[in-house]
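Visitor: Make a model of this:
(2 chains)
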Amino acid sequence: MTGLAYTRFELRRTFRNRRFLFFSLGFPIALFFLIAGPNRNEHDLGGTGISAPLYYMVALAAFGTMMGMVSTGARIAGERQVGWTRQLRVTPLSSVAYLRAKVITAYATAGASIAALYLAGVSLGVSIPAGRWAEMTGLIALGLMPFAALGIFLGHLLNVDSIGPATGGSVTILAFVGGTWFPVTSGVLRTIGRCVPSFWLVQAAHVALGGSAWGVRGFVTVLGWTVVLSAAAAWAYRRDTGRT
Amino acid sequence: MQVARGETVALLGPNGAGKSTTIDLLLGLVRPDAGSVSILGRQPSAAVDAGLVGAMLQTGLLIRDLTVRELITMFASLYPKPLGVDEAIELAGLENLAEQRTQKLSGGETQRARFALALVTDPELLVLDEPTVAMDVESRRSFWVAMREFASRGKTVLFATHYLDEADQNADRIVLMAHGKVVVDGPPTEIKARVGTRTIRVTLPGVDQAELAALPGVTSATRHGASVALVCTDSDAALRALLTAYPAARDVEVAGAGLEEAFIELTSDAA
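Guide: The predicted model follows:
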């Protein structure tokens, strides 16, 4: 299976990049302890009914995984700059196998980030039933689909110089309106938040309270963005590589 | 333009001659506005997908965080019938660098690793776009030895270069390009014969230019003081006649017109 071997090497080289791992795994954890640590005994954060450690565990997992997914774009831009993408085009590696490797690698880094945040959360006393952990992880994984597409879109659209500010800026804004730094419970921010996928990533924390965290609106928003950004990613990829 | 199986062809020309564009067309990286490209009876993209073509593009570094061996192994996995990884490493002379991370290689070493990537695919057609850029003299020599070894397996090789001696020494056939057009297409000897002149320089005071120009094999003669330059189509005949007729001639030098002169003459004609 040609494509799978390629995925394996993508994973290997991604997880060997220490600087990348440090920032994508270490940064959210540091922020978690900084923000949630002092509020660890807050059991109803901003009227959400969720404890501060749980809320920020999920909120910073959302932030870290968004960063991780979108940073695929930075790697793609780098590969384009050194001519690697062009080199791959004169191999039998198919577009599908190439894009699949990018998405799987992005999810793998996101998975590592989630695991690290969960451990950090447990260390501050987060405790929820096993089934809820799984459900919450599933929702986060689903909520990351638009970001996988966003990373590929930006990576094939922008160059190395502009990709950093573009990904950093977009993730920061999305994290802000999504409620990563403080719960967004009312007002204009909430109206905006409900329209972006990052908001629903953070909402996955509500799973711990029982019942449905997303509702129809969450699923529709996430899937809608997935469709739109995937189309944009496909467009940018074709435009960049001339492949169909 | 046609290239037969098993040929080693050099695309020679100055920057902007259209060498890289020709190669991009051949590899299916760009589509022709008019005309068509066919490799072993297939469209370029189909030939690439079938793993028949191996390429070393002009620009390109390697992705980081893999060792040379891992990168070659990964590349091999994309192809239906690759060479052994060790064989490619040996051919490209990378034995001592196989466990190095790709970001630690020098420019010349990177080129050799890229060559190994092209070789490991064991293509029917190997395409090399200015492969020896950034290589030192020694790497360059061993690179061409490896290329000829690969070509001797019955493979077709097409390489672009603006180093004239590389084309001369390593190709069965040279396609000279200028301004996007093929100017001359033939064996290196034929290209030289197209200009085909040699120059005899000799110190010979007091002999008339016209007399010298009338010697057999000489096309023209110019004098600068005591020194005379004879441009010859047959320098052997000219030299015999010269020394017989003028025993006083001394400091005789015969310079072959290298590909360099041929190149300048032919490409300026096309301009």
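
Visitor: so how far is chain B from the residue nearest to the spatial centre of chain A?
Guide: The centre of chain A sits closest to A:M66, judged by Cα atoms, centre = their mean, with a distance of 2.5 Å. The spacing between A:M66 and chain B, counted by Cβ to the nearest Cβ, to the nearest Å, is 23 Å. Yep, even glycine has a C-beta here, placed from its N, CA and C like the rest.

Visitor: looking at it, that residue is touching A:W200, isn't it?
Guide: No. If you go by Cβ atoms under 8 Å, A:M66 and A:W200 don't touch, sitting 11.7 Å apart.

Visitor: quick one, phi/psi of the residue nearest to the centre of chain A?
Guide: In terms of degrees, to the nearest 10, the main-chain angles of A:M66 are phi -60, psi -50.

Visitor: which parts of chain B sit against chain A?
Guide: Residues of chain B found near chain A (Cβ under 8 Å from any Cβ of the partner chain) are B:27-31, B:48-51, B:53, B:55, B:57, B:59-66, B:70-71, B:74-75, B:77-80, B:114, B:117, B:121.

Visitor: Make a ChimeraX selection of whichever of these turn out to be buried.
Guide: Restricted to buried positions by 16 or more other Cβ atoms under 10 Å in any protein chain shown, the ChimeraX selection for those reads:
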select /B:27,28,29,48,49,50,51,53,55,57,60,61,62,63,64,65,66,70,71,74,75,77,78,79,114,117,121
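
Visitor: got the contact list for B:I200?
Guide: By Cβ atoms under 8 Å, 6 or more residues apart in numbering or on different chains, the contact list for B:I200 reads B:218, B:229-230, B:232, B:235, B:238-239, B:242, B:252-254.

Visitor: Mind doing that once more with 10 Å?
Guide: B:I200 makes contact with B:212, B:215, B:217-218, B:221, B:228-232, B:235, B:238-239, B:242, B:249, B:252-255 under the criterion Cβ atoms under 10 Å, 6 or more residues apart in numbering or on different chains.

Visitor: which secondary structure element contains it?
Guide: strand B:198-203 (DSSP states H and E).

Visitor: That strand: partners in the sheet, and parallel or antiparallel?
Guide: strand B:227-232 (antiparallel), strand B:250-256 (antiparallel) (DSSP bridges).

Visitor: Grab the nearest non-local neighbour of the residue of chain A positioned farthest from its centre.
Guide: In chain A, the residue that sits farthest from the middle, by Cα atoms, centre = their mean, is A:V90; the gap is 30.9 Å. With sequence-adjacent residues excluded and distances taken as Cβ to Cβ, 6 or more residues apart in numbering or on different chains, A:V90 is closest to B:A55, at 4.4 Å.

Visitor: Pop out the phi and psi values for that neighbour.
Guide: phi -140, psi 140.

Visitor: so who does the residue lying closest to A:G151 once chain neighbours are set aside touch?
Guide: Counting by Cβ to Cβ, 6+ apart, A:G151 lies nearest to A:T72, which is 3.5 Å off, once chain neighbours are set aside. Taking Cβ under 10 Å, 6+ apart, we find A:T72 in contact with A:10, A:14, A:102-103, A:105-107, A:109-110, A:147-155, A:167.

Visitor: what does B:E70 give?
Guide: The contact partners of B:E70, taken as Cβ under 10 Å, 6+ apart, are A:9, A:12-13, A:16, B:85, B:98-99, B:101-102.

Visitor: If we go by neighbour counts, what in the strand holding B:I200 is buried?
Guide: B:198-200, B:202.

Visitor: Same list, those, but as CSV with distance to B:S38 and pLDDT please.
Guide: As requested, the buried residues of strand B:198-203 are exported to CSV (distance: Cβ to Cβ, whole Å; pLDDT from 0 to 100):
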residue, distance to B:S38, pLDDT
B:R198, 41, 80
B:T199, 43, 84
B:I200, 48, 88
B:V202, 53, 91
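
Visitor: Can you name the two of these that sit furthest apart?
Guide: B:R198 and B:V202 (12.6 Å; Cβ to Cβ).

Visitor: what is in contact with these two at once?
Guide: By Cβ under 10 Å, 6+ apart, the residues touching both B:R198 and B:V202 are B:230, B:239, B:254.

Visitor: what ranges of the stretch 151-271 of chain B fall below the confidence cut-off?
Guide: Low-confidence segments of the stretch 151-271 of chain B, defined by pLDDT under 70, span residues B:192-196, B:257-262, B:265-271.

Visitor: can you give me the strands for it?
Guide: According to DSSP state E, counting those that start in this stretch, the stretch 151-271 of chain B carries its strands in the segments B:156-161, B:173-178, B:181-186, B:198-203, B:218-224, B:227-232, B:250-256.

Visitor: who wins for proximity to B:L94 among those strands?
Guide: strand B:156-161 (19.4 Å).

Visitor: Name every strand pairing with that closest one and say which way it goes.
Guide: strand B:8-12 (parallel), strand B:125-129 (parallel).

Visitor: State the number of residues packed around B:E211.
Guide: Number of residues near B:E211 (other Cβ atoms under 10 Å in any protein chain shown) recorded here: 11.

Visitor: and it, how far is that from B:V228?
Guide: 11 Å (Cβ to Cβ, to the nearest Å).

Visitor: With respect to burial, which of the strands paired with strand B:156-161 scores highest?
Guide: Comparing the strands paired with strand B:156-161 by mean neighbour count (mean count of other Cβ atoms under 10 Å in any protein chain shown), strand B:8-12 comes out on top with a mean of 25.

Visitor: Surely B:D65 is in contact with B:T102?
Guide: Yes. With contact defined as Cβ atoms under 10 Å, B:D65 counts as touching B:T102 (7.6 Å).

Visitor: What residues does the residue of the stretch 151-271 of chain B found nearest chain A make contact with?
Guide: Nearest residue of the stretch 151-271 of chain B to chain A: B:L158, at 13.2 Å (Cβ to the nearest Cβ). Counting by Cβ under 10 Å, 6+ apart, B:L158 makes contact with B:3, B:7-11, B:22-23, B:26, B:53, B:55, B:125-129, B:171, B:173, B:175.

Visitor: re earlier: in helices only, show me the residues of chain B next to chain A.
Guide: If you go by DSSP state H, the residues of chain B next to chain A have B:48-49, B:70-71, B:74-75, B:77, B:114, B:117 in helices.

Visitor: Could you list the low-pLDDT ranges of chain A?
Guide: A:1-3, A:47, A:209-212, A:242-244.

Visitor: residues bridging contact with A:M66 and A:W200, i.e. touching both?
Guide: A:143, A:146, A:178.

Visitor: Let's have these in TSV, adding distance to A:L31.
Guide: As requested, those are arranged in TSV below (distance: Cβ to Cβ, whole Å):
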residue	distance to A:L31
A:G143	19
A:P146	22
A:G178	14
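
Visitor: Select only the buried ones of these in ChimeraX?
Guide: Buried residues within the shared contacts of A:M66 and A:W200, by 16+ other Cβ under 10 Å, are selected in ChimeraX with:
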select /A:143,146,178
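
Visitor: Let me know the closest of the shared contacts of A:M66 and A:W200 to B:F150.
Guide: A:P146 (46.9 Å).
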